[in-house]
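1. I need the structure of the sequence given here:
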Amino acid sequence: MEALLQNGLTALGLPTESIPRLRRFSELLLEKNKVMNLTAITEQQDVATLHLLDSAAMLTMADFSGKTVVDVGTGAGFPGMPMRIVKEDLSLTLLDSLNKRIDFLKDCCAELGFRDVDCVHARAEEFAAGKRESYDYAVSRAVANLSVLAELALPLVKVGGQFLSMKSVDSEEEISAAKNAIKTLGGKISRVEDYTIPGTDVTHRVVVIDKVSPTPAKYPRAFAKIKKQPL
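-> This is a model prediction of the structure:
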């Protein structure tokens, strides 16, 4: 695993001092996964590439130095935790609606010595009520449709900030269908960037959405409505 991480981080142009912490986070993940469903990826090498390096690749998509970042629907901590492990000066909030996942992430942060990472158990649409337009960046590797994700994430982003959504490379239709929702929410797609995870032949995609104007106050709606009637 260490050689994979060393080569992968070097290929991404990222510092390698974080490798011991990345390895420790993967150990905590796989240990907890024995009693709780956190990941279907359980081989160490695959965790290194498909979770850790895939998440770290996000750091090459924008300048996160000294910025506030919210990971919407973080799940087992992706992409937020590897991003914070590799780039220590970003200010991270991990947001998930399942308390068991947040408890796991709190334990990980305590183990890794991250006292400044905010692990929040809340639904994104409810969290937005108190944290509206207060983050430089929102990131997400959640599997929800981009129209849905945009309504959950963009209200949290400051005007001038960005929402970066990790998607598969066959997401053209989904991206096209989400353009109206993104515009309604104050966003604009600035670019769509494909990248290959170092050490693999797996290609993933990041949709970079600029926050160009304030999100209208009526968004985000209740989640049931978002899901039933996407913008």
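
2. what about residue 109, how many residues nearby?
-> Residue 109 has 21 neighbouring residues, counting by other C-beta atoms under 10 Å. The way it works is simple: take the backbone N, C-alpha and C, and place the C-beta from them, glycine included.

3. now do residue 219
-> If you count neighbours by other C-beta under 10 Å, residue 219 ends up with 20.

4. and the end-to-end length of stretch 11-20?
-> With C-alpha to C-alpha, to the nearest Å as the measure, the first residue of stretch 11-20 is 18 Å from its last.

5. what residue is smack in the middle of this structure?
-> For the chain, the residue sitting closest to the mean C-alpha position, by C-alpha atoms, centre = their mean, is residue 140 at 3.3 Å.

6. test for you: state the pLDDT assigned to it.
-> We note a pLDDT of 97 for residue 140 in this prediction.

7. wait, it sits on residue 162?
-> No: counting by C-beta atoms under 8 Å, no contact exists between residue 140 and residue 162, whose distance comes to 11.8 Å.

8. so who does the residue nearest to the centre of the chain touch?
-> Applying C-beta atoms under 8 Å, 6 or more residues apart in numbering to residue 140 gives the contacts 71, 72, 73, 149, 152, 153, 163, 164, 165, 166.

9. what about the helices in the protein?
-> In the chain, the segments counted as helices under DSSP state H are 2-11, 19-33, 44-46, 54-56, 80-86, 99-112, 124-131, 146-153, 172-184, 223-228.

10. before we move on, back to that, nearest residue to the residue nearest to the centre of the chain in space, please, no chain neighbours.
-> With sequence-adjacent residues excluded and distances taken as C-beta to C-beta, 6 or more residues apart in numbering, residue 140 is closest to residue 72, at 4.5 Å.

11. same thing with residue 120?
-> In space, residue 120 comes closest to residue 95 once its chain neighbours are excluded; the distance is 5.0 Å by C-beta to C-beta, 6+ apart.

12. any idea how far the one you found lies from residue 169?
-> Using C-beta to C-beta, to the nearest Å, we find residue 95 at a distance of 26 Å from residue 169.

13. more neighbours: which of those two?
-> Between residue 95 and residue 169, residue 95 has the larger neighbour count (other C-beta under 10 Å), namely 26 against 12.

14. beta partners of that one?
-> Beta-bridge partners for residue 95, by DSSP bridges, are residue 72, residue 120.

15. could I get the contacting residues of it?
-> With contacts taken as C-beta under 8 Å, 6+ apart, residue 95 has the following neighbours: 70, 71, 72, 73, 74, 120, 122, 124, 127.

16. any idea how far residue 33 is from the third one?
-> Computed as C-beta to C-beta, the residue 72 to residue 33 distance reads 22 Å.

17. make JSON lines out of the contacts of residue 95 and add pLDDT, neighbour count and distance to residue 54.
-> Compiled in JSON lines, the contacts of residue 95 are given as follows (pLDDT from 0 to 100; neighbours: other C-beta atoms under 10 Å; distance: C-beta to C-beta, whole Å):
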{"residue": "70", "pLDDT": "98", "neighbour count": "28", "distance to residue 54": "19"}
{"residue": "71", "pLDDT": "98", "neighbour count": "30", "distance to residue 54": "14"}
{"residue": "72", "pLDDT": "97", "neighbour count": "26", "distance to residue 54": "17"}
{"residue": "73", "pLDDT": "96", "neighbour count": "22", "distance to residue 54": "16"}
{"residue": "74", "pLDDT": "96", "neighbour count": "26", "distance to residue 54": "14"}
{"residue": "120", "pLDDT": "97", "neighbour count": "17", "distance to residue 54": "23"}
{"residue": "122", "pLDDT": "96", "neighbour count": "16", "distance to residue 54": "25"}
{"residue": "124", "pLDDT": "93", "neighbour count": "28", "distance to residue 54": "22"}
{"residue": "127", "pLDDT": "95", "neighbour count": "21", "distance to residue 54": "25"}
